[in-house]
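S.K.: Fold the following.
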Amino acid sequence: MVKLDLQFAAAFLADREWEYQQPFVTDIVSRLHKGEVPGANFLGWIHLPSETLKQGIELIEQAGARIRENSDAVVVIGIGGSYLGARAAFEWCKPEYYNQLPQDRRGGPEVYFAGNQLSPAAFQDLLQVLQGKRVSLNVISKSGTTTEPAVAFRLLRQWLTDKVGAVEADKRIYVTTDRQQGALKHLADAKGYPTFVIPDDVGGRYSVLTPVGLLPLAAAGVDIRKVLMGAATAEAEFATAQLKDNPALRYAVVRNVLHQKGKAVEILVTYEPALRSFAEWWKQLFGESEGKDQKGLYPASVANTTDLHSMGQFIQEGTRNLFETVVRVENQTAAVSLPSDPQLEDGLEYLAGKSLAWVNDQARLATQMAHRDGGVPNLTVTVPDKSEQSLGELFYFFELACATSSQLLGVNGFDQPGVEAYKTNMFALLGKPGVVAQSKGMKDTLH
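M.R.: Model (predicted):
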């Protein structure tokens with residue numbers, strides 16, 4: 001199970017400081033389960049893992065098998081919560097250079113992600129790698145009108161139709177969208193695209209354990225049942241409201257205590273490249289949930305040991321307004337050891353025979369000690385291994401922690417009203433019908 005270690009934060013807060021929060025946490029957990037919190041319409045994630053396993057995931061598994069059988073590549077089209085969780089899970093479960101492996105070693109099609117930006121150069125680059133391949137599309141959008149994925153889907157749908165014809169293209173498009181309404185739902189019904197539902201009571205940043213994340217993973221050959229089983233285990237283990245027995249709730253409380261002491265920035269630290277996109281998912285989860293009413297910790301991330309040679313200086317000696325949460329994978333399966341070679345004058349002969357996993361973990365430990373001594377509290381979140389089960393547990397750990405932390409902060413952790421601000425300006429500047437009248441005044445301010 002996921003564990004929380006506070007040894008590198010002990011100098012900055014006493015146990016009593018988080019223990020004092022027990023009555024508040026007990027009340028929060030009760031209200032979450034009763035649906036008595038702001039945003040209560042989006043609490044479907046609480047029992048999602050266990051309920052999904054009960055209902056069955058055969059249709060998702062079957063669709064994933066069809067994609068694997070009929071495709072050399074699949075393009076997952078989405079942004080925000082319709083993208084980050086799926087990518088985080090894919091990079092966790094699959095090898096670093098998955099797309100470069102031969103097909104028989106991949107066990108699934110190449111996987112690419114689109115619809116998460118508006119760069120024409122990036123789109124052209126994607127088309128270059130798709131040339132000559134059998135391609136399927138999985139477009140993920142509750143409305144079908146979010147600009148970035150809608151643009152990508154329009155372009156890729158036309159490209160696919162030009163390559164294989166309309167009839168065949170329709171067989172290669174898989175839709176994940178609203179149950180009843182929206183432009184994408186209407187198109188899927190008209191065209192007969194295989195369609196999967198984004199539950200009404202699960203917000204985007206909590207949707208990775210719905211078809212939003214499960215279908216792309218199934219298409220890549222990931223055992224999605226194991227991911228859900230891990231999350232269901234966490235759901236059961238973290239059901240208690242007792243802080244001493246629940247690391248997810250304890251983490252939520254500790255980060256708020258540190259925030260009250262002037263720590264305005266939380267940095268998620270990883271030591272595995274496979275966790276880069278997981279850090280991006282985590283940043284959306286906490287940033288979009290807590291960044292309201294001029295409140296909230298600023299979520300940032302670093303990928304060590306790489307970033308020790310760039311951001312490491314700031315973390316060690318810069319402004320003391322931050323703390324770190326380190327995600328540690330305890331048991332590594334990759335068996336790589338340093339060879340002996342006395343002829344090399346690299347000063348590393350003393351490490352001959354040592355495993356690279358051990359060296360990496362010692363670098364992690366040394367960094368946490370140094371940063372603690374430099375005035376930076378460090379929390380350690382440890383998962384047993386880099387398995388599908390551990391991934392499911394970690395997703396649920398942070399989801400529950402974020403929901404609890406938002407309540408402690410006093411904000412609605414399940415809406416994102418600020419996301420709409422840039423869209424209004426963008427639609428006006430693009431000349432979207434209905435908002436064109438705003439554009440002249442806006443453009444005047446640019447000159």
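S.K.: longest strand of this protein?
M.R.: If each strand of the chain is counted by residues according to DSSP state E, the longest one is strand 322-329.
S.K.: Show the average pLDDT along that strand.
M.R.: Mean pLDDT, strand 322-329: 98.
S.K.: export it as CSV, just CAs?
M.R.: The C-alpha coordinates for strand 322-329 follow below in CSV (Å, rounded to 0.1, in the frame of the first residue of the first chain):
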residue,chain,number,x,y,z
LEU,A,322,8.2,25.8,-0.5
PHE,A,323,8.2,22.2,0.6
GLU,A,324,8.6,18.9,-1.4
THR,A,325,6.6,15.8,-1.7
VAL,A,326,8.7,13.0,-3.0
VAL,A,327,7.1,10.0,-4.8
ARG,A,328,9.3,7.0,-4.2
VAL,A,329,9.1,3.6,-5.9
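S.K.: Now the element after it, going C-ward?
M.R.: Following strand 322-329 in sequence order, the next helix or strand is helix 356-373 (DSSP states H and E).
S.K.: Sheet-wise, list the partners of the next helix or strand after that next one with their directions.
M.R.: Heading C-terminal from helix 356-373, the first helix or strand you meet, by DSSP H and E, is strand 378-383. Neighbouring strands of strand 378-383 in its sheet, by DSSP bridges, are strand 3-5 (antiparallel), strand 322-329 (parallel).
S.K.: So what touches strand 378-383?
M.R.: 2-9, 247, 251, 254-255, 323-330, 368, 371-372, 390, 393-394, 397 (CB atoms under 8 Å, 6 or more residues apart in numbering). In this view, the C-beta of every residue, glycine as well, is placed from N, C-alpha and C.
S.K.: to the chain's geometric centre, what's the distance from it?
M.R.: The chain centroid and the centroid of strand 378-383 are separated by 17 Å under CA atoms, centre = their mean, to the nearest Å.
S.K.: how about it: buried residues?
M.R.: Using 16 or more other CB atoms under 10 Å as the test for burial, strand 378-383 gives 378-383.
S.K.: on that earlier part again, output the strands paired with strand 378-383 as TSV; include the columns mean neighbour count.
M.R.: Formatted as TSV, those follow (neighbours: other CB atoms under 10 Å):
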stretch	mean neighbour count
strand 3-5	15
strand 322-329	23
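S.K.: Glu266 is nearest to which of the ones you listed?
M.R.: Among those, strand 322-329 comes nearest to Glu266, with 6.0 Å by CB to CB.
S.K.: for that closest one, the distance to its chain's centre please.
M.R.: 16 Å.
S.K.: Which parts of the protein are strands?
M.R.: Using DSSP E, strands in the chain cover 3-5, 73-77, 110-114, 135-140, 173-177, 195-197, 265-270, 298-303, 322-329, 378-383.
S.K.: Quick check: end-to-end length of stretch 112-119?
M.R.: 15 Å (CA to CA, to the nearest Å).
S.K.: quick check: mean pLDDT across that stretch?
M.R.: 97.
S.K.: Stretch 77-92 now?
M.R.: 96.
S.K.: Let me see the domain layout of the chain.
M.R.: 3-36+238-409, 48-225 (automatic domain parsing).
S.K.: I figured Asn321 hits Gly262, correct?
M.R.: Yes. Counting by CB atoms under 8 Å, Asn321 touches Gly262, with 6.2 Å between them.
S.K.: want to try CSV for the strands paired with strand 378-383, with distance to Val76 as columns?
M.R.: CSV is the format used below for these (distance: least, CB to CB, whole Å):
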stretch, distance to Val76
strand 3-5, 32
strand 322-329, 24
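S.K.: Out of these, flag the one nearest Gln103.
M.R.: Of all the strands paired with strand 378-383, strand 322-329 comes closest under CB to CB, at 27.8 Å.
S.K.: now the angle from that closest one to helix 356-373?
M.R.: 160 degrees (axes from the mean of the first three to the mean of the last three CA atoms, to 10 degrees).
S.K.: when you compare where strand 322-329 runs with where strand 265-270 runs, what's the angle?
M.R.: With the same axes, to 10 degrees applied, the angle from strand 322-329 to strand 265-270 works out at 20 degrees.
S.K.: what sits up against strand 322-329?
M.R.: By CB under 8 Å, 6+ apart, strand 322-329 touches 9, 12, 251, 255, 258, 263-272, 275, 278, 300, 315, 361, 364, 368, 371, 376-383, 385-386, 390, 394.
S.K.: which of these count as buried?
M.R.: 9, 12, 251, 255, 258, 263, 266-272, 275, 278, 300, 315, 361, 364, 368, 371, 376-383, 386, 390, 394.
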